[in-house]
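> Got a predicted model here, sequence first, then my questions.
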Amino acid sequence: MSIERLYTAKAKTTGGRDGRAISSDNVIDLPLSTPKEMGGPGKPNTTNPEQLFAAGYSACFDGALNLVARLSKTPITGSTVEADVSFGKDGENYGIEVDLLVNIPGMDQQQAEELVAKAHQVCPYSRATRGNIVVNLSTTTNA
């Protein structure tokens with residue numbers, strides 16, 4: 001499958017999990033450090049691939065959620081998406097698992113769950129990971 005490319009983000013990492021990640025426009029210029037829980041130094045003021053993936057997935061999913069809400073003429077405001085990306089053993093290899101915690105304040109719970117399910121079908125991150133990793137969806141409507 002090939003897409004019609006509308007935009008391409010570029011980033012380069014040197015030094016792997018204990019190096020540095022820099023975007024081509026230098027907006028992202030972050031030191032990386034393997035978390036202590038994974039046997040690394042867990043240096044302060046650093047990030048890691050799981051945090052970067054969580055930020056990207058949560059932003060993309062919230063965008064998809066707002067798109068499906070707009071297309072279904074269901075106005076939402078103040079939605080939030082928290083992506084918890086877990087790293088762990090998968091047999092002899094390593095893998096990730098994602099918990100997406102979606103909040104759509106003031107909406108009927110069933111309607112919110114329907115929008116989240118639709119967003120999960122539309123979101124490019126969800127589509128890319130479908131069948132490859134476990135993604136758990138949780139929907140709340142807390143104000």
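That came through, no problem.
> mind giving me the domain split of the protein?
1-47, 49-140 (automatic domain parsing).
> measure the longest one end to end?
Okay, so that is domain 49-140. From its first residue to its last, domain 49-140 covers 27 Å (CA to CA, to the nearest Å).
> Please apply the same query to the first one.
Terminal residues of domain 1-47 lie 32 Å apart, using CA to CA.
> what separates that domain from the chain centre, distance-wise?
14 Å (CA atoms, centre = their mean, to the nearest Å).
> Then stretch 64-74?
Put simply, stretch 64-74 sits 19 Å off its chain's centre (CA atoms, centre = their mean).
> Buried residues in that stretch, which are they?
64, 65, 66, 68, 69, 74 (16 or more other CB atoms under 10 Å). Bear in mind the C-beta positions are built from the backbone N, C-alpha and C, glycine included.
> would you list those residues in a markdown table and tack on secondary structure and distance to residue 109?
As requested, the buried residues of stretch 64-74 are exported to a markdown table (DSSP: H, G, I helix; E, B strand; the rest coil; distance: CB to CB, whole Å):
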| residue | secondary structure | distance to residue 109 |
| --- | --- | --- |
| 64 | helix | 19 |
| 65 | helix | 15 |
| 66 | helix | 19 |
| 68 | helix | 17 |
| 69 | helix | 15 |
| 74 | coil | 14 |
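> Dump these to a markdown table, plus pLDDT and distance to residue 115.
Shown next, in a markdown table, are these (pLDDT from 0 to 100; distance: CB to CB, whole Å):
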| residue | pLDDT | distance to residue 115 |
| --- | --- | --- |
| 64 | 98 | 10 |
| 65 | 98 | 6 |
| 66 | 98 | 9 |
| 68 | 98 | 6 |
| 69 | 98 | 6 |
| 74 | 95 | 7 |
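> which one among those residues gets closest to residue 90?
Within those, the smallest distance to residue 90 is 26.5 Å, found for residue 64 (CB to CB).
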